[in-house]
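Q: Here is my input; please provide its structure:
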Amino acid sequence: MPDGVKVLKPHEVETAVSGGSELLQQLVVSEQLLRGIFDNAIVPIIVIEPLGKISQANPAFLDLLGYDQEDLPLMDIHHLTSEDDPVLFDRVVAGEIDSYVQEKHYRRKNGSYIDVIVSGSGLKDQKGNLRCVVAVIQDLSIAKALERNLFEEKKMFESLLSHLPVGVNYLKDGRIEYANPAFCRIFDYSETELRGRSLATLLMPPYFRRVCDDINRLYKQEATIIRSEGEGRTKRGQRVFIEFINSLARIDNEDCVIGIVNDLTLSKQLEARYRLLFEAANDIFLVLSLNNRIIIEANPKALEVSGYTREELLGMKVVDLTQPTIKKTGGSGGTPQEEWPVGIYPRVLVRKNGEKIPVDVSSSMADWMGRKAIVSIVRDVTEQRRLQQQLMQADKLASLGSLVAGIAHEINNPNNFISFNIPILEEYWNEVLPITDAYYKENLDWNVLGMSYEEFRSDMLKLLANMQHGSERINNIVSELRDFARVQKDEYRAPTDVRRLINRVMTLTGKQVSKLIHSFEVEVDDGLPDVVMNPARIEQVLINLILNAAQAANKEDSMVRLRVMRNPANRSEICFEVADNGCGMEEHVKKRVFDPFFTTKEGAEGTGLGLSISYAIVEDHRGNITVDSAPDRGTVFRVTLPIRGDEQN
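A: Next up is the predicted model:
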């Protein structure tokens, strides 16, 4: 409270009231009310003596700056204020002003500053002498932060518009209100010259009328975005080909038209060059009608490879040039859109003389002579397929080298001794058998190795038979290794029993995998149909994935699981899933895992071709291979194949 105002104690209040002084009673109650307001106000309030000492401060003020009540005797208003702030308090003390409102930076106890707005007012006694200044403070930190954020966002937006490679403008009342530097460059005007202009000075008359119609449609809400192409003119009168994309927006509570302008002049000039490239390209270029895929344009390379004349080729359906595919629902062939879709895929081109050529097709939708069409680039991959065949065989031999070193060397040589000695052992036993039988007839209570002679005799024969069976089984394993190494043509496809395929894979990998990991689980769903595939190729993929998983699961509770099922997302596909609980892969490794010659194995352990070849094999089967992995979470490879295969044999 200001100096000279005494705060009465409770017993003094009671004495004064009991004395009958009504005026004093009202003063006391008023003072108590003011004190309550002062202490409980949510806004910071301080009382400053003329010399600058802060005599009183409410809790809200102390909380704002982080001070305690004990700090109050040492607080001076001049010490709280940033040196850069003008001190209007001193002008109130000097009698120049009676009050002030000012933004200031107050220093907190921890040394940081806070933005505030101060409303100060001087209190004078009856003689007009200044007794104190009462200041109410408002925290502006949040408002200032929002203001700074808005300013930064405005600068960022302005910078974005300034650096956009496309022109941007907005119209208000039919006049240009703003144009970014790219828009100015297109028409060769400065922003100052463009502001206030009509589009009529920038567009050729026919195109200007069309754009005006488009803008009217926007205002009538007949469309939200309208795209058009036409001719404009620069400040020097040169023609430019532009694309205008207009939309309606609201700026400063007023409707306006936002326009994005692309300069198509260069693309129009390049169109002629593209025609030259089209004619001289070493790949086949075909332009097809959108709906029925009729050939409407073809380059000379298409005529050379197909063997047809231009007159014969134009007007043909593109599906008449290719070998029909096998549909997933059964049967072969399909609609033109199914046989020749947008995307990247393999096909077999059939020449006029009947010769078949493997090709890769890349088809996309494009504008051709003012209408939508399909543009296809067709590349002969005969040589590429031959090289892939060599790479696959080389990788298979590398895999077999590891398997033969781990299995054939360890099993075949000992098995030769077993298979050679079993007949000799049988001869020995047949020679001994009459003697033991005769002895038993004379000694019916004779026991051998804790069992009766009859049990011993029967068990011995079983042991010899089991040894013979085991030796033959080893020979079968070696035979399957030889079958696996046998080269098959890529075009070979046949319906394959999935369970028998998995049994062959288990035979080839089981021994080596069991040495590397603790648990190897195999789950094959019942009732799976035969899948049209090249079995040796898919065996190669699965063996590669299983061996990789076993090598990655390098810990005590290591586990590899092979699961075969119908694809839950597409019942017309079979899914092979190989999972391990190994070290997993970093994101950058996962992105490159199918790249040729990329490997994380040290030394000569890996060539970096296994997964890339596996990827190519699955792609060749019109399937898909994906990987899901994260560090310390293991890895899951999924291979999905269409049950019916991808082409007719």
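
Q: When you work out contacts or count neighbours from here on, use the C-alpha atoms and nothing else.
A: Will do.

Q: What helix or strand is Pro529 located in?
A: Assignment of secondary structure by DSSP states H and E places Pro529 within no helix or strand.

Q: er, Asn291 I mean
A: Under the criterion DSSP H and E, no helix or strand holds Asn291.

Q: By mean pLDDT, flag the weakest helix or strand of this structure.
A: The helix or strand with the lowest mean pLDDT-type score in the chain, counting by mean pLDDT, DSSP states H and E, is helix 10-18 (a mean of 53).

Q: helices or strands up against the helix or strand following that one?
A: Following helix 10-18 in sequence order, the next helix or strand is helix 22-40 (DSSP H and E). Packed against helix 22-40, as judged by 3 or more Cα pairs under 8 Å, 6 or more residues apart in numbering; DSSP states H and E, are the following elements: helix 10-18, helix 59-65.

Q: what mean pLDDT would you report for helix 22-40?
A: Over the span of helix 22-40, the pLDDT mean works out to 74.

Q: what's around Leu34, how many residues?
A: Taking other Cα atoms under 10 Å as the criterion, the count of residues near Leu34 is 13.

Q: quick one: contacts for it?
A: Counting by Cα atoms under 8 Å, 6 or more residues apart in numbering, Leu34 makes contact with nothing.

Q: try Ser247
A: Contacts were defined as Cα under 8 Å, 6+ apart; by that measure Ser247 touches 218, 224-226, 257-259.

Q: And Leu425, by the same measure?
A: Leu425 makes contact with no residue under the criterion Cα under 8 Å, 6+ apart.

Q: Next, it: phi, psi?
A: Its backbone dihedrals place Leu425 at phi -60, psi -40, with angles given as degrees, to the nearest 10.

Q: mind checking how far it is from Met460?
A: For Leu425, the distance to Met460 equals 11 Å [Cα to Cα, to the nearest Å].

Q: before we move on, what about Leu303?
A: On the measure of Cα to Cα, Leu303 and Met460 end up 78 Å apart.

Q: quick one: which of those two has more around it?
A: Neighbours per residue, other Cα under 10 Å: of Leu303 and Met460, the larger number sits with Leu303, 18 against 14.

Q: Report the spatially nearest residue to the more buried one, omitting neighbours in sequence.
A: If the residues on either side of it in the chain are set aside, Leu303 comes closest to Thr309, at 6.0 Å by Cα to Cα, 6 or more residues apart in numbering.

Q: Return the list of strands paired to whichever strand or helix holds Gln138, each annotated with direction.
A: In this structure, Gln138 is located in strand 130-139 according to DSSP H and E. Based on DSSP bridges, the strands next to strand 130-139 in the sheet, each with its direction, are strand 45-48 (antiparallel), strand 113-124 (antiparallel).

Q: Mind giving me the packing neighbours of the helix or strand just after that strand?
A: Scanning forward in sequence from strand 130-139 by DSSP H and E, the next helix or strand is helix 141-163. If contacts are counted by 3+ Cα pairs under 8 Å, 6+ apart, helix 141-163 sits against strand 113-124, helix 181-187.

Q: after helix 141-163, next one along is what?
A: Sequence order places strand 167-172 as the next helix or strand after helix 141-163, per DSSP H and E.

Q: Partner strands of the helix or strand harbouring Leu286, with direction?
A: When secondary structure is defined using DSSP H and E, the element that contains Leu286 is strand 284-289. Strand 284-289 has its sheet partners listed here by DSSP bridges as strand 295-298 (antiparallel), strand 371-380 (antiparallel).

Q: In JSON lines, list those along with distance to Asn548.
A: As requested, these are arranged in JSON lines below (distance: least, Cα to Cα, whole Å):
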{"stretch": "strand 295-298", "distance to Asn548": "46"}
{"stretch": "strand 371-380", "distance to Asn548": "33"}
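
Q: Just tell me which of those ends up closest to Tyr67.
A: Among the strands paired with strand 284-289, strand 371-380 comes nearest to Tyr67, with 73.7 Å by Cα to Cα.

Q: Only the buried residues of the closest one, if you could.
A: Under the neighbour-count criterion of 16 or more other Cα atoms under 10 Å, strand 371-380 has 373-380 buried.

Q: closest to Trp429 among the residues you listed?
A: Here the nearest of the buried residues of strand 371-380 to Trp429, counting by Cα to Cα, is Asp380; it sits at 68.3 Å.
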